[in-house]
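In: Below: sequence and its predicted model.
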Amino acid sequence: MPSVLDAGGTRLHVIVTGGAGFIGSNVAAAFLRDGHRVTVFDSLQRPGSERNLEWLQAMPATSELRFVAGDVRDADLVRSIVGAPDVQLVFHFAAQTAVTTSIEAPREDLEINTFGTHNVLEAVRRSQALVAPMLFFTSTNKVYGALAHRRVEETQTRYRFADAELDRFGISEREPLDFHSPYGCSKGAADQYVHDYARIYGLRTVVFRMSCIYGPRQFGNEDQGWVAHFMLAAAGDRLLTIYGDGKQVRDLLYIDDLVRAFKQAALHRDTTAGNVYNLGGGPANSISIWSELRPRLERLSGRRVAVTMHDWRPGDQPVYVSDTRRAQRDFNWQPRVSLDDGLQRLWAWAVVLEGQSEMLDGPIVAGSPRLPVATSGVALAGPSA
């Protein structure tokens with residue numbers, strides 16, 4: 001395989017499925033800045049994706065960017081893009097990301113998340129390149145289910161694992177898989193397919209089981225991208241709905257740290273290929289979704305944020321925190337952006353976006369109505385692709 005990301009190494013052709021999404025656009029931008037050719041493959045169905053594509057096309061390196069409008073369910077089209085002879089690196093982010101949507105349309109969820117991933121895998125396996133490209137796949141902590149067997153304790157502002165080691169380090173890759181919801185099943189099946197194609201066919205695949213990723217370009221809504229959703233609602237002075245008691249805990253990872261993880265894992269491909277990693281902010285960047293986030297959000301906004309409280313959503317994890325020690329050991333990675341620094345950066349982006357929306361007298365996210373009430377909870381939130 002040609003040198004990946006090494007200083008002075010080969011200029012790469014990178015494919016990013018879902019490349020106009022939150023994670024995809026940030027990854028595409030990073031590789032464009034590094035001087036690589038990038039093909040963004042996206043259906044542009046998710047609200048906000050058009051804005052992200054326009055942002056990419058406005059970059060100085062736009063001549064190195066190619067956009068292909070397409071759906072990962074189109075096996076022939078995927079094969080022609082991903083399986084081309086000049087492709088060295090593939091990031092597969094295209095997905096159906098909301099649990100609620102998976103419940104309403106389980107067949108579509110299955111086709112996009114599982115069959116679409118299989119199309120990408122087959123394109124890589126049958127690649128026309130001399131050496132099949134390396135493939136990164138973004139999975140989700142939802143593959144571990146509700147973690148009902150893990151005992152938790154309640155404190156004044158948060159839940160925490162009762163087990164001292166879990167409380168100190170978080171959930172590791174050794175945690176048993178337990179798919180819940182059609183979304184959990186479709187992403188979990190895809191997760192296992194990607195992992196198994198490394199074992200059976202010798203492909204260089206890497207699976208990141210991600211916790212809550214946040215940062216600019218995340219057009220969050222009530223089902224996915226909850227941190228950005230909270231920020232955008234606060235910037236627009238809209239009412240939020242919190243499900244549960246607000247003490248549910250998640251670890252947050254800023255997007256720049258995730259992009260760096262992809263690069264580091266590619267650099268250490270001899271170690272990372274064929275492996276699965278839990279990726280998140282870890283215990284140091286964990287926070288309860290409202291009891292501890294609210295004061296930070298109110299300091300940023302300079303005003304009280306109005307909320308209504310509703311019952312818990314079924315299957316919500318009281319606590320999920322990633323144990324990222326395997327990533328640190330295998331490719332020398334750990335988060336650098338602190339929780340408060342990352343929230344400040346996201347808030348700055350949300351304020352600018354809200355200001356643009358007010359000047360245009362239109363919705364924050366293209367295609368979605370500007371509502372007086374913004375509902376949110378974390379029970380149904382998937383990874384931000």
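Out: Sure thing, it's come through.
In: Would you mind confirming that residue 225 is in contact with residue 22?
Out: Yes. When contacts are counted by C-beta atoms under 8 Å, residue 225 is listed as touching residue 22 (6.6 Å). Every C-beta, even on glycine, is put in place using the N, C-alpha and C of the backbone.
In: For the helix or strand encompassing residue 348, the averaged confidence score.
Out: Using DSSP states H and E, residue 348 falls within helix 339-360. For helix 339-360, the mean pLDDT works out to 87.
In: List phi and psi for residue 157.
Out: When read as degrees, to the nearest 10, the backbone of residue 157 gives phi -120, psi -10.
In: Which strand or helix spans residue 261?
Out: helix 255-267.
In: Which helix or strand lies directly C-terminal to that helix?
Out: Using DSSP H and E, the helix or strand that follows helix 255-267 towards the C-terminus is helix 269-272.
In: For that following helix, enumerate the helices and strands it packs against.
Out: helix 325-331 (3 or more C-beta pairs under 8 Å, 6 or more residues apart in numbering; DSSP states H and E).
In: again, only this time at 10 Å
Out: Packing contacts for helix 269-272, counted by 3 or more C-beta pairs under 10 Å, 6 or more residues apart in numbering; DSSP states H and E, involve strand 134-140, strand 205-210, helix 255-267, helix 325-331.
In: Now do the SS call for residue 335.
Out: coil (DSSP: H, G, I helix; E, B strand; the rest coil).
In: follow-up on the earlier one: list the buried residues in the helix holding residue 348.
Out: Using 16 or more other C-beta atoms under 10 Å as the test for burial, helix 339-360 gives 339, 342, 343, 345, 346, 347, 349, 350, 351, 353, 354, 357.
In: just stretch 235-248 next, same as before
Out: Applying 16+ other C-beta under 10 Å to stretch 235-248 flags 235, 236, 238, 240, 242, 243, 244, 245, 246, 247, 248 as buried.
In: What pairs with the host helix or strand of the fifth one, parallel or antiparallel?
Out: Just to be clear, that refers to residue 242. Secondary structure assigned from DSSP H and E places residue 242 in strand 239-243. Sheet pairing for strand 239-243, assigned by DSSP bridges, gives strand 307-310 (parallel), strand 373-376 (parallel).
In: By mean pLDDT, show me the worst of those.
Out: strand 373-376 (a mean of 34).
In: Now find how far off-centre stretch 209-224 is within its chain.
Out: Distance of stretch 209-224 from the chain centroid (C-alpha atoms, centre = their mean, to the nearest Å) equals 6 Å.
In: any idea of the mean pLDDT for it?
Out: On average, stretch 209-224 scores 92.
In: quick one, helices of the chain?
Out: Along the chain, the stretches classed as helices by DSSP state H are 22-33, 49-57, 75-82, 99-104, 106-110, 116-125, 164-169, 181-201, 226-235, 255-267, 269-272, 293-301, 325-331, 339-360.
In: between these, which one is nearest to residue 66?
Out: helix 75-82 (9.4 Å; C-beta to C-beta).
In: Can I get that closest one in CSV? Just the C-alpha atoms.
Out: Backbone C-alpha positions of helix 75-82 (Å, rounded to 0.1, in the frame of the first residue of the first chain) are rendered in CSV as follows:
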residue,chain,number,x,y,z
ALA,A,75,-24.2,-1.4,-5.6
ASP,A,76,-23.0,-0.7,-9.1
LEU,A,77,-22.4,3.0,-8.4
VAL,A,78,-20.6,2.2,-5.2
ARG,A,79,-18.4,-0.3,-7.0
SER,A,80,-17.5,2.2,-9.7
ILE,A,81,-16.4,4.8,-7.1
VAL,A,82,-15.0,2.8,-4.2
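In: mind listing what's buried in it?
Out: Taking 16+ other C-beta under 10 Å as the criterion, helix 75-82 shows 77, 78, 79, 81, 82 as buried.
In: same check, this time on stretch 200-215
Out: Result for stretch 200-215 [16+ other C-beta under 10 Å]: buried residues 203-215.
In: Stretch 175-188 too?
Out: Per 16+ other C-beta under 10 Å, stretch 175-188 contains these buried residues: 175, 179, 180, 181, 182, 183, 184, 185, 186, 187, 188.
In: do you know which of the helices and strands packed on helix 269-272 lies nearest residue 126?
Out: strand 134-140 (12.9 Å).
In: No further queries at this time; thank you.
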